[in-house]
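Colleague: For reference, the sequence and a predicted model appear below.
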Amino acid sequence: VNQPSLLHKDKLQPGVRWALELMNSQGVRLVLVTLRYQSQVKELLHHYRLDHLFKAVWGTQDIAAAYCNSAEGKTTLLANAWAEDCRRHGTPHDSWMVGDTEADVLAGKSNDISTVALTCGIRSRAYLSQYGPDHICDDLVSVTHSLVNYRYDIASSSRYS
């Protein structure tokens, strides 16, 4: 839902708060990159008390951008967010572009970032698989379990190698 008059109908999917809080507690640096209008995104994050979980939020200044779902626009936005985050914090050991549209997958791939496509949005598994994401998951909770376990596996193997 992207129209200002309909924002009150936008709802969090089940488990999103838990997933974001868990990733944040495990030291995952969360950066939100969206084609939604920047001020709407910040308003929604504040409304759901999620704003403190994101280190940065990158949205657009075009209120209609989310409707276009432009892979090119998302790619540019992600490139800018990635460059700024790397400049401030250094290049991370691992990074993932997690999203529920083809624009998310294509943007991640264009920026050499591993991709996870989510089927909990309006796109099906079959549709998203055409774009070659590195992984496909049902929802953010599934991704969170995988990422936290992956980070734990890396930390464990580093201690014992």
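Modeller: Perfect, I can see it now.

Colleague: ok, then the element right after the longest strand along the chain?
Modeller: Identified as the longest strand of the chain according to DSSP state E is strand 31-37. As assigned by DSSP states H and E, the chain's next helix or strand after strand 31-37 is helix 38-47.

Colleague: so what does that following helix touch, helix or strand wise?
Modeller: strand 31-37, strand 56-60 (3 or more CB pairs under 8 Å, 6 or more residues apart in numbering; DSSP states H and E). Glycine gets a C-beta too; all of them are placed from N, C-alpha and C.

Colleague: Can you convert the ones you listed into CSV and add a column each for distance to Asn80, mean neighbour count and mean pLDDT?
Modeller: Below are the helices and strands packed on helix 38-47 laid out as CSV (distance: least, CB to CB, whole Å; neighbours: other CB atoms under 10 Å; pLDDT from 0 to 100):
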stretch, distance to Asn80, mean neighbour count, mean pLDDT
strand 31-37, 9, 20, 92
strand 56-60, 7, 18, 92
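
Colleague: Of those, which is nearest Asn111?
Modeller: Ranking those by distance to Asn111, with CB to CB as the measure, places strand 31-37 first at 10.0 Å.

Colleague: could I get that closest one in CSV with only the CA atoms?
Modeller: Extracted in CSV, the C-alpha atoms of strand 31-37 (Å, rounded to 0.1, in the frame of the first residue of the first chain):
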residue,chain,number,x,y,z
VAL,A,31,19.9,-1.3,5.9
LEU,A,32,16.5,-0.8,4.3
VAL,A,33,16.5,-0.1,0.6
THR,A,34,13.0,0.4,-0.9
LEU,A,35,11.3,2.0,-3.8
ARG,A,36,8.7,3.5,-1.5
TYR,A,37,8.6,7.2,-0.8
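
Colleague: What strands flank that strand, and is each parallel or antiparallel?
Modeller: strand 56-60 (parallel) (DSSP bridges).

Colleague: so after the one helix or strand in the chain whose mean pLDDT sits lowest, what's the next helix or strand?
Modeller: When the helices and strands of the chain are scored by mean pLDDT, DSSP states H and E, helix 65-68 comes last with a mean of 58. Counting by DSSP H and E, the element after helix 65-68 in chain order, helix or strand, is helix 71-89.

Colleague: following that following helix, which helix or strand comes up?
Modeller: Note on helix 71-89: by DSSP H and E, the next helix or strand toward the C-terminus is strand 96-99.

Colleague: now what about the next helix or strand after that next one, what contacts it?
Modeller: Next helix or strand after strand 96-99 toward the C-terminus (DSSP H and E): helix 102-110. Residues from elsewhere that reach helix 102-110 (CB atoms under 8 Å, 6 or more residues apart in numbering): 33, 35, 69-71, 73-75, 77-79, 96-99, 114-115, 117, 123, 127-128, 130-133.
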